[in-house]
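# generate coordinates for the sequence data below:
(4 chains)
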4 protein chains.
Amino acid sequence: MKYVGKNVEDLNIAYIGGGSRGWAWGLMTDLAKDGQISGTVKLYDINKQAAIDNEIIGNKVNDNKEAVSKWTYKATDTIKDALVGADFVIISILPGTFDEMESDVHAPEEYGIYQSVGDTVGPGGLLRALRTIPMYVDIANSIKEYCPKAWVINYTNPMTLCVRTLYEVYPEIKAFGCCHEVFGTQKVLVKALKDIKGIEVKRQDIKVNVLGINHFTWLDKATYNGEDLFPIYREFVDKYYEEGYDEGGDKNWMNDKFTSKERVKFDLFRRYGIIAAAGDRHLAEFCPPWYLKNPETVNEWRFGLTTVEWRKNDLKERLAKSKAMVNGEKEFEFKETGEEGVILMKALLGLGDFVTNVNSPNRGQVEGIKLGAVVETNAIFSKDEIKPVVAGKLPDEVFSLVNRHVINQETILKAALTQDKDLAFRAFANDPLMTASISDARKLFDKMLKNTREYLPRWNL
Amino acid sequence: MKYVGKNVEDLNIAYIGGGSRGWAWGLMTDLAKDGQISGTVKLYDINKQAAIDNEIIGNKVNDNKEAVSKWTYKATDTIKDALVGADFVIISILPGTFDEMESDVHAPEEYGIYQSVGDTVGPGGLLRALRTIPMYVDIANSIKEYCPKAWVINYTNPMTLCVRTLYEVYPEIKAFGCCHEVFGTQKVLVKALKDIKGIEVKRQDIKVNVLGINHFTWLDKATYNGEDLFPIYREFVDKYYEEGYDEGGDKNWMNDKFTSKERVKFDLFRRYGIIAAAGDRHLAEFCPPWYLKNPETVNEWRFGLTTVEWRKNDLKERLAKSKAMVNGEKEFEFKETGEEGVILMKALLGLGDFVTNVNSPNRGQVEGIKLGAVVETNAIFSKDEIKPVVAGKLPDEVFSLVNRHVINQETILKAALTQDKDLAFRAFANDPLMTASISDARKLFDKMLKNTREYLPRWNL
Amino acid sequence: MKYVGKNVEDLNIAYIGGGSRGWAWGLMTDLAKDGQISGTVKLYDINKQAAIDNEIIGNKVNDNKEAVSKWTYKATDTIKDALVGADFVIISILPGTFDEMESDVHAPEEYGIYQSVGDTVGPGGLLRALRTIPMYVDIANSIKEYCPKAWVINYTNPMTLCVRTLYEVYPEIKAFGCCHEVFGTQKVLVKALKDIKGIEVKRQDIKVNVLGINHFTWLDKATYNGEDLFPIYREFVDKYYEEGYDEGGDKNWMNDKFTSKERVKFDLFRRYGIIAAAGDRHLAEFCPPWYLKNPETVNEWRFGLTTVEWRKNDLKERLAKSKAMVNGEKEFEFKETGEEGVILMKALLGLGDFVTNVNSPNRGQVEGIKLGAVVETNAIFSKDEIKPVVAGKLPDEVFSLVNRHVINQETILKAALTQDKDLAFRAFANDPLMTASISDARKLFDKMLKNTREYLPRWNL
Amino acid sequence: MKYVGKNVEDLNIAYIGGGSRGWAWGLMTDLAKDGQISGTVKLYDINKQAAIDNEIIGNKVNDNKEAVSKWTYKATDTIKDALVGADFVIISILPGTFDEMESDVHAPEEYGIYQSVGDTVGPGGLLRALRTIPMYVDIANSIKEYCPKAWVINYTNPMTLCVRTLYEVYPEIKAFGCCHEVFGTQKVLVKALKDIKGIEVKRQDIKVNVLGINHFTWLDKATYNGEDLFPIYREFVDKYYEEGYDEGGDKNWMNDKFTSKERVKFDLFRRYGIIAAAGDRHLAEFCPPWYLKNPETVNEWRFGLTTVEWRKNDLKERLAKSKAMVNGEKEFEFKETGEEGVILMKALLGLGDFVTNVNSPNRGQVEGIKLGAVVETNAIFSKDEIKPVVAGKLPDEVFSLVNRHVINQETILKAALTQDKDLAFRAFANDPLMTASISDARKLFDKMLKNTREYLPRWNL
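You can find the predicted model right below:
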């Protein structure tokens, strides 16, 4: 890369999982819309064709009249080709196929265990982690070898364990994880402010203190222009506690099917007095089965179980859309992504400091959680540096819920790195959603392991 | 007191709750059987008549041919009369009546929450704690005033919070809590050794490393004559996992109705690889409702729900027995108590060092648990001193279960000391057994508070 | 105060020690030069006449052609008058007179203990702390009563203990301490960059990671435009290690007599590999007597012992200057202060976020140092909020030097709050500069206490 | 080994450094005097002839009329021969020769740094550690390979780093370090009790709470028969503070030239209010040069600098004595050793529990010190198990002195394991005795490294 006045040219971005039909298109949009940076995006994907399709789509974006900068997209044969010379690495992969995800999400239902997403915690999140961690071991080693000084942005779930694995393998890595769930909660606060006070503001105007772990993040302070939003949120919760709030959910174009009526969030506020900052579908999975006891309970709490069938259909549509764009039958759409990835890259390039929430190893920003575990808090992004902001301490009872998962995740990491089945099962049995008896849990675990064994080549299964 | 050769005479013991028809008789037995110490036991009880009855019973014990020392029993009018001049203080009280306990144990059943004991954790344990803590505040202040250098032995439940309150109010107190649940687990190991290896030993020959909190204590090492008992226990668990072990339970005369078939203990061993060291009825209450989902589940796990009706009947029998002993219709029985209270008092008098498990503030003996919280580990008892032994660290997953209760108990203490209803409810809602919705939980909490309000005079209810 | 567009009017600032002939004039300058805020500064000083003089001088400033905002200055009779209604409180006092300072700095010389400043650590710093802490107890209580929500900026030394006392007395206080010593070290880096690379930059362009305690602060990272400055600084140190660097020191108009040739700073860099970030005169006092063994050693290290005689002369000049300004014989000078107080106030008013170093309680920003102890790190200042940035961990050997003072300062605080002479002496004897025998140390301590007893009315001396 | 009734026969002890003319003879005495254990001692020494001499001497001991058990002594050619089959391993080596020790102790004198022993901390202790640590790496690896379940007793200095290295290399090792310095302090208390109260007791009757690190250990509690000895010790200190106590010192036959008049101990008591529990010669080296400023200061404090010349002469005498015993010209003497090694072995064999002070990794027994660092506290020795007793917390100021060395020792270990000269120098420069300038310190360090380079083969010197 080179600095030219206030711009940076010849930037090299490696995109691992570059065949993505979602995140990749969002990134293309955001890059094209920014006038200060330009360069090359190398797309690597185990599905080579998907990367090639995105190369075609990406290169067409430059012709779009809304595009103010020029980016070259290039599919690569190997991860090495993508990484050598990279200034930034973006990782957004699907660990396994929807078949494995089907097992993650639905196999536990046989034992009465329901999951709304199944990609973070719970039995599904654990299995997904087991197959993701070895992939991240490889990625971390490749980055260490080919571009040790690159900044690495992770979008894959399970977010915490992906980032944690990168640091475990290569402690000097400059990696962090981005997630828009906190933004969604800021938007809920925007709605509360409008509903209760009639004031309309932007998400970015809501200042929050963020602390916790990804998808189970909490806000113990929220202000608009210096004014405490907690009393307003309390009124909002009281008003809509029973029915839920109607407009609800994250309207992000990549995510908009995943709405809820925020009742889980409201309920957690009543329990603990601070704001849970993720979508209800995620929050529910971190708790004992208060919200996920059975489909009726889920229904009462007004959020959805994201079935894998839905995902398969959704993928079909996205494949069709991709094909149409490659063929030129359909034009690339410049939607607002709401993502901050490009802003963060620019901050790290020295083009303007920025404070936002990020997933990174605990260096003291969250009191009580083991140093080195990956937590989500605010951080200052500036030239070649991310400094977490001290976020403080969770209320004791929330800490106890959160730390249980931190401990479990550390166990899962260890089990995955050493292919230790017993250790993995210990974490499996200890998840708050695991209500099955220990022998049923063992049966389920064995079955789920079997279902995903193609991605566990080093395990003795 | 005075030292006469190897004996101690004129010892002064204050017994708070001295009208007890169980622990008190056990103490009388153990004191009478010991030839090295003698003196006076002052019995204080809010039920003065019960104390007077025990005065009569106790003084008759001296005439028994098995009695080798002479003790004078004396009921007192006030707690001050009992405490002034005391060398030891024993506390064994019933906080409230069986009516309050009925609410503790059975009120939650309306919401599908079953408790096997209801005196330690769970909704019942919490309510019991709320009414016990103010009593212990008063006791601690009295000890500080009237006998600040006395050693204080607590037998009341909730053990952890009773001992914790004493130290909170009077940090220099020399107090500890005794509980025989670990002994019961040592006896299970005795049985395993006999069943698997055909070797017969005494409980005291089983050396264990004890760590955890009362009624949720764990053994991560157990040896007989230096030999590791874990492989033997594993075989024993495998042999009896499905059916449970038949002879089962603690045959202690004060406790013998409370048998189980150890299946909970076996299951926890399978989950975590270390030995849970309390009766199954207690262990079950500390976990998510794995074992207490409903009466059928309890039945499958082969342990009993101790109903308050049973307790009421049992009390009737004990009252009748007391009356008969007072009248001289029935003679005092010299049963083996299995308790170590007298041994410990002797060790503290300098009559022989002794190592056993004890509940006392964490000074580092259990890694990871907040300093000052009351934990259960081994300790060396010697002249005027108890030194906890470093017990180490619980496995991560067990730590996470245990620490959740440690955190909750600290919250309960704070709530009880400040009469903070919201704080108390936060702990109530966070108990692993609390599966009711937050609004149902609130209803239940309000009802249970109301049921026990006679013992919460300072609360604004 | 009120927000008017992008401006804030009617701001209320209370200035405790408002008769100051240094800091106060700097503040007048900085306020007058800022166009966004205006209001009233209430000057309280135990020397009422000094406050009145500053009222006159301050009000004249408005007439200056460089003044772009209007401020009203008003001397008050009581601290209450100054504080009621305050949005900000500035504290900059002289605890005691130069007579007490004479004892602080020079009395230890009789025992071969030399101090270059004597206001932070060492025997002088300790005695100064003993008389300052009770003053800060009173100030904290007044703030709690009269303006509990005001932001409080401290400039008085010993900085750490002043801020620490405010939080000890009123834990909810919104206080922090400002010190320009880190700026001075940034300027040394500016010089190094010019000397070694020929690049000229501003102090503010040097980005640093700050961690430690006031006057013994360290930089473990320093960059200019993303480039690591450590190799450059190393070269600079190697070049000037023997002779020192000539231009040297902080040219701040309030401070410019206090130059050194940075040899202490260079030596500490050689010892520990990170940059000590305060003036040499301060740094030397925190170490064993490496640099302060005797006046010859001091001379070799090329820094000065600031005598109290110098201070007395300096005060005379400032008094004359004050008189001349009051009389109108001399005009108020608009010098560059280099201070950030006004910028920080504006950030806290929401007029622009700002990151700089600050003294505030440790919430995890410095690993290993007791939570609650006052540390110096970077922080983000934004509307009504200061969030410390995670600064990380000092190298072990530096930590050990720093933490010794942290521990001592906590002891001093406790001793001052309880007037515990023995405890204070324990800290006195434990200071690294204390090379006298314990009996000589006791004699010196008694003498110094006696010399300052007028300011220790509650002590039993 | 085999258990025969209450005895253990065929015990295998490996003695590394088995040519010792001091510790080895003491062990022979203690083994011969004990009737419960018997077996073989394999003597390994890099000085094979010394081992052979001790084989001869040891085997003669059996004929002595005071010998009540039979032990076979056998010199081995390799460490492997000694270790295979060992139940216990004793390590007591001289790391290097007196030439290296001469450098350790006396080289720093050129820069005005005086050391009274030079084997634990200070420049001498550091250099000795650098050459000892690689030897202990080898020993630990050999134990891991040849007798992984043996108990390992270390007597070599620097004690802390020897034990620490064993655990670093082989974390499952069952090792501990024994030192009689605490016994010496118990004897001082015996003398105080006699002098002040006229009561005569044995050392073993003095119960103490031990906490700290080897040779800088502290007692915060000391009782005789339950009575607090602190008031008595205070009186004793006041009586003898100026002149020192005359009888003084440890009369142990291996140690009796090393007397002091306890003035350092008395002075530390006055400073901190707790009892420093090691000989004055050791204590002085851990402090800033309060007691070691120059030979005159040492003289005033009434303790000696143990010159290496003295050691050389002493060795000559011991060599002559050895020769005479081998030749049969002199008979083996059965002196009281005062050591507890044999008692501890018996406790670990299950022949009687025992509580004493021991050097072992911190598992929480000393609050505030890093877990894993080697500390000295009491522990319970029982069959195949050592459990440290919770010793609590040092007073803050003492903690600060102790922890500085803990940190330094961890740095030294790391430097020695990685042959990192800069890191080693950082610790060297940070020792409290290091008063030389950094450039002089560097010169001294380089010289001392050179002097000892024969024992640093892997270093790049």
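
# does the helix or strand hosting A:Trp218 reach chain C?
Using DSSP states H and E, A:Trp218 maps to strand A:216-224. Yes - applying C-beta under 8 Å from any C-beta of the partner chain, one finds strand A:216-224 touching chain C at A:Lys221, A:Thr223. Where you see a C-beta, it was placed from the backbone N, CA and C, and this is true even at glycine.

# so how far is that strand from its chain's centroid?
Computed by C-alpha atoms, centre = their mean, to the nearest Å, the separation of strand A:216-224 from the middle of its chain amounts to 18 Å.

# render the CA-only coordinates of that strand in CSV, please.
The C-alpha coordinates for strand A:216-224 follow below in CSV (Å, rounded to 0.1, in the frame of the first residue of the first chain):
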residue,chain,number,x,y,z
PHE,A,216,-24.2,-12.2,25.1
THR,A,217,-23.0,-8.6,25.4
TRP,A,218,-24.4,-6.1,27.9
LEU,A,219,-24.8,-2.4,28.2
ASP,A,220,-24.5,-0.9,31.7
LYS,A,221,-24.6,2.6,30.4
ALA,A,222,-26.4,4.2,27.4
THR,A,223,-26.7,7.9,26.8
TYR,A,224,-27.9,10.2,24.1
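
# which neighbours in the sheet does it have, and how are they oriented?
strand A:206-213 (antiparallel), strand A:227-228 (antiparallel), strand A:275-276 (antiparallel) (DSSP bridges).

# partners of the strand or helix carrying A:Glu376 in the sheet?
Assigned by DSSP H and E, A:Glu376 belongs to strand A:374-382. Strand A:374-382 has the following sheet partners, assigned by DSSP bridges: strand A:354-361 (antiparallel), strand A:385-388 (antiparallel).

# send the alpha carbons of that strand over as CSV?
C-alpha atoms of strand A:374-382 as CSV (Å, rounded to 0.1, in the frame of the first residue of the first chain):
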residue,chain,number,x,y,z
VAL,A,374,-12.0,-13.0,24.1
VAL,A,375,-14.5,-10.4,25.3
GLU,A,376,-16.6,-7.7,23.6
THR,A,377,-16.1,-4.1,24.6
ASN,A,378,-15.5,-0.8,23.1
ALA,A,379,-12.1,0.0,21.8
ILE,A,380,-10.3,2.9,20.2
PHE,A,381,-9.1,2.2,16.6
SER,A,382,-6.3,4.4,15.5
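
# still on that earlier bit, would you single out the least confident of the strands paired with strand A:216-224?
Comparing mean pLDDT across these, the weakest is strand A:227-228, with a mean of 94.

# after that one, next one along is what?
Sequence order places helix A:230-240 as the next helix or strand after strand A:227-228, per DSSP H and E.

# can you name the residue of the stretch 51-200 of chain A nearest to chain B?
Nearest to chain B in the stretch 51-200 of chain A, going by C-beta to the nearest C-beta, is A:Gly112, at a distance of 11.1 Å.

# so that residue touches A:Thr435, yeah?
Yes - the pair A:Gly112 and A:Thr435 qualifies as a contact (C-beta atoms under 8 Å) at a distance of 6.7 Å.

# these two: which has the busier surroundings?
A:Thr435 (21 against 13; other C-beta atoms under 10 Å in any protein chain shown).

# pretty sure the more buried one is touching B:Leu292, no?
No - in terms of C-beta under 8 Å, A:Thr435 does not count as a neighbour of B:Leu292; the distance is 12.0 Å.

# residues in contact with A:Ala192?
A:Leu229, A:Ile232, A:Tyr233, A:Glu235, A:Phe236 (C-beta atoms under 8 Å, 6 or more residues apart in numbering or on different chains).

# repeat that for A:Asp45.
By C-beta under 8 Å, 6+ apart, A:Asp45 lies in contact with A:Ile16, A:Gly17, A:Gly18, A:Gly19, A:Ser20, A:Ala51, A:Asn54, A:Ala75.

# the second one: neighbour count?
It stands for A:Gly17. 24.

# same check, this time on the third one
One way to gauge burial is a neighbour count; for A:Gly18, by other C-beta under 10 Å, it gives 31.

# how much space between it and chain D?
From A:Gly18 across to chain D, the span is 41 Å (C-beta to the nearest C-beta, to the nearest Å).

# please apply the same query to the fifth one.
For A:Ser20, the distance to chain D equals 43 Å [C-beta to the nearest C-beta].

# for the fourth one, same thing?
With distances taken as C-beta to the nearest C-beta, A:Gly19 is found 44 Å from chain D.

# again, but for the last one
Per C-beta to the nearest C-beta, A:Ala75 is found 44 Å from chain D.

# what's near enough to touch that residue?
By C-beta under 8 Å, 6+ apart, A:Ala75 lies in contact with A:Gly18, A:Lys42, A:Leu43, A:Tyr44, A:Asp45, A:Lys48, A:Ala51, A:Ile52, A:Asn54, A:Glu55.

# show me which residues of the helix or strand that contains A:Leu315 are buried.
Secondary structure from DSSP H and E places A:Leu315 in helix A:308-327. Within helix A:308-327, the residues scored as buried using 16 or more other C-beta atoms under 10 Å in any protein chain shown are A:Val308, A:Arg311, A:Lys321, A:Ser322, A:Met325, A:Val326.

# looking at those residues, spot the one nearest chain B.
Taking C-beta to the nearest C-beta as the measure, chain B lies nearest A:Val308 of the buried residues of helix A:308-327, at 27.1 Å.

# on that earlier part again, quick one: the helix holding A:Leu315 to chain centroid distance?
Centroid separation for helix A:308-327 versus its chain: 21 Å, with C-alpha atoms, centre = their mean.

# which elements pack onto that helix?
Counting contacts by 3 or more C-beta pairs under 8 Å, 6 or more residues apart in numbering or on different chains; DSSP states H and E, helix A:308-327 is packed against helix A:48-61, helix A:98-106.

# export those as CSV, with columns for distance to chain D.
Listed next are the helices and strands packed on helix A:308-327 as CSV, based on distance: least, C-beta to the nearest C-beta, whole Å:
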stretch, distance to chain D
helix A:48-61, 43
helix A:98-106, 37
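
# would you turn those into JSON lines with mean neighbour count and mean pLDDT?
What follows is the helices and strands packed on helix A:308-327, written out as JSON lines (neighbours: other C-beta atoms under 10 Å in any protein chain shown; pLDDT from 0 to 100):
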{"stretch": "helix A:48-61", "mean neighbour count": "20", "mean pLDDT": "96"}
{"stretch": "helix A:98-106", "mean neighbour count": "21", "mean pLDDT": "96"}
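
# got the contact list for the closest residue to A:Glu66 other than its chain neighbours?
Nearest residue to A:Glu66 in three dimensions, chain neighbours excluded: A:Phe334, at 4.9 Å (C-beta to C-beta, 6 or more residues apart in numbering or on different chains). When contacts are counted by C-beta under 8 Å, 6+ apart, A:Phe334 touches A:Thr29, A:Ala32, A:Lys33, A:Asn64, A:Glu66.

# so how far is chain D from the third one?
To chain D, A:Lys33 is 50 Å away according to C-beta to the nearest C-beta.

# so A:Asn460 touches A:Asp422, yeah?
No - with contact defined as C-beta under 8 Å, A:Asn460 does not count as touching A:Asp422 (11.7 Å).

# who's in contact with the spatially most central residue of chain A?
Closest residue to the average C-alpha location of chain A: A:Cys179 at 4.2 Å, with C-alpha atoms, centre = their mean. Neighbouring residues of A:Cys179 by C-beta under 8 Å, 6+ apart: A:Tyr155, A:Met159, A:Asn214, A:His215, A:Asn357, A:Asn359, A:Glu376.

# residue contacts, the fourth one?
Contact partners of A:His215, counting by C-beta under 8 Å, 6+ apart, are A:Thr120, A:Val121, A:Asn157, A:Met159, A:Cys179, A:Glu181, A:Ala278, A:His282, A:Leu283, A:Glu285, A:Phe286.

# next one: the second one
By C-beta under 8 Å, 6+ apart, the residues touching A:Met159 are A:Thr120, A:Gly177, A:Cys179, A:Asn214, A:His215, A:Asn359, A:Val374.
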